[in-house]
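Asker: pasted the sequence and its predicted model underneath.
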Amino acid sequence: MSRDCTFCRIVAGSLAARILHQGDRVVVFLDRNQAALGHLLVVPREHVEQWHQLDEPTVFEMGAVAHRWAGVLVQTIAPEGYNLLMNNGRAAGQDVFHAHLHITPRSSGDGYYAFGGHQRLLTAQEADELAAKLMAGASTELDA
């Protein structure tokens with residue numbers, strides 16, 4: 001764990017986030033800067049900067065958890081599509097240097113494609129409502 005890392009602090013519970021899933025090796029939470037409504041992050045518990053530095057069990061859990069939560073998004077938010085994206089290194093657009101996988105709902109003409117696209121900071125109420133909606137969908141989707 002890195003004391004200066006935002007995601008390590010979220011994983012440790014010392015920084016607030018809307019956590020939707022806690023697994024043995026990964027945590028899923030709402031991205032504070034929503035590129036689109038429902039934008040999620042899948043984050044390893046271990047502080048590792050980039051994908052290739054993760055151990056395979058963590059990679060497998062991240063993939064399986066991302067697969068399930070993409071299904072939750074499709075069932076609850078009903079986007080036209082979604083992106084799975086991991087930025088590795090500053091040149092690739094990484095701005096939090098703790099490996100993390102984005103699951104970003106998409107719609108035609110949403111204007112979000114390039115790095116630094118439109119983002120929206122949720123109010124606390126919006127975040128609570130969105131987290132509750134996703135958790136309600138997760139109760140059936142993740143048990144399947």
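Answerer: Happy to help now that I have it.
Asker: what residues are up against the spatially most central residue of the chain?
Answerer: The centre of the chain sits closest to Leu41, judged by CA atoms, centre = their mean, with a distance of 1.0 Å. Contacts for Leu41 (CB atoms under 8 Å, 6 or more residues apart in numbering) come out as Phe7, Val28, Phe29, Leu30, Asp31, His100, Leu101, His102, Ile103. From N, CA and C alone the C-beta is placed, and that goes for glycine too.
Asker: over to Thr58?
Answerer: Going by CB under 8 Å, 6+ apart, Thr58 touches Arg25, Val26, Pro44, Glu46, Val48.
Asker: any idea which of those residues has the most stuff around it?
Answerer: Val26 (26 neighbours; other CB atoms under 10 Å).
Asker: can I get the contacts of Thr58 in CSV with pLDDT, distance to Ser14 and secondary structure?
Answerer: Output for the contacts of Thr58, formatted as CSV (pLDDT from 0 to 100; distance: CB to CB, whole Å; DSSP: H, G, I helix; E, B strand; the rest coil):
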residue, pLDDT, distance to Ser14, secondary structure
Arg25, 98, 19, coil
Val26, 98, 18, strand
Pro44, 98, 17, strand
Glu46, 97, 16, coil
Val48, 97, 19, coil
